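*Asks:* Structure of the sequence below:
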Amino acid sequence: MKSSVEIMSEDLARFYDDPLGFVMWAFPWAVEGGQLSGHTGPRPWQDKYLRLVGKRVKEHAFVILYRLALRQVMVRENLA
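*Replies:* Below you'll find the predicted structure:
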């Protein structure tokens, strides 16, 4: 049986390149009595921005991962 931390980690990992999906998952949209009760999602400009960020992450994912891996090697080898 998975721990709650493992389940949460897997849920969050789904949104690596999907910030809009994360926002829709993480916030209580349209919950009666809540701060977002009158909203079904982000404002149009926020939606557009989150989609753009997701697109950019997808386009540059290899570069980001490569730089992170290189940085880890440098730190491990005391080259940083």
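
*Asks:* tell me which residues of stretch 18-28 are tucked away?
*Replies:* Neighbour counts over stretch 18-28 (16 or more other Cβ atoms under 10 Å) mark D18, P19, L20, F22, V23, M24 as buried. Glycine gets a C-beta too; all of them are placed from N, C-alpha and C.

*Asks:* quick one: the first one from W45, how far?
*Replies:* According to Cβ to Cβ, to the nearest Å, D18 stands 18 Å off from W45.

*Asks:* what helix or strand does M74 sit in?
*Replies:* Assessed by DSSP states H and E, M74 sits inside helix 44-76.

*Asks:* So for Q35, what's the nearest residue that isn't a sequence neighbour?
*Replies:* Leaving out its chain neighbours, the residue that sits closest to Q35 by Cβ to Cβ, 6 or more residues apart in numbering is P28, at 8.0 Å.

*Asks:* Poorly predicted segments of this structure, please.
*Replies:* 62, 79-80 (pLDDT under 70).

*Asks:* list the helices and strands the helix holding M74 packs on?
*Replies:* helix 19-26 (3 or more Cβ pairs under 8 Å, 6 or more residues apart in numbering; DSSP states H and E).

*Asks:* Quick check: buried residues in stretch 60-73?
*Replies:* Of all the residues in stretch 60-73, not one is buried under the rule 16+ other Cβ under 10 Å.

*Asks:* now that stretch, how far from the centre of its chain.
*Replies:* 17 Å (Cα atoms, centre = their mean, to the nearest Å).

*Asks:* Ok, stretch 39-51 next?
*Replies:* Worked out by Cα atoms, centre = their mean, stretch 39-51 lies 15 Å from the chain centre.

*Asks:* And stretch 31-41, by the same measure?
*Replies:* For stretch 31-41, the distance to the chain centre is 21 Å (Cα atoms, centre = their mean).

*Asks:* Show residues contacting it.
*Replies:* Residues outside stretch 31-41 that contact it (Cβ atoms under 8 Å, 6 or more residues apart in numbering): V23, M24, F27, P28, W29, A30, D47.

*Asks:* End to end on it, go ahead and measure it.
*Replies:* End-to-end distance for stretch 31-41: 11 Å, by Cα to Cα, to the nearest Å.
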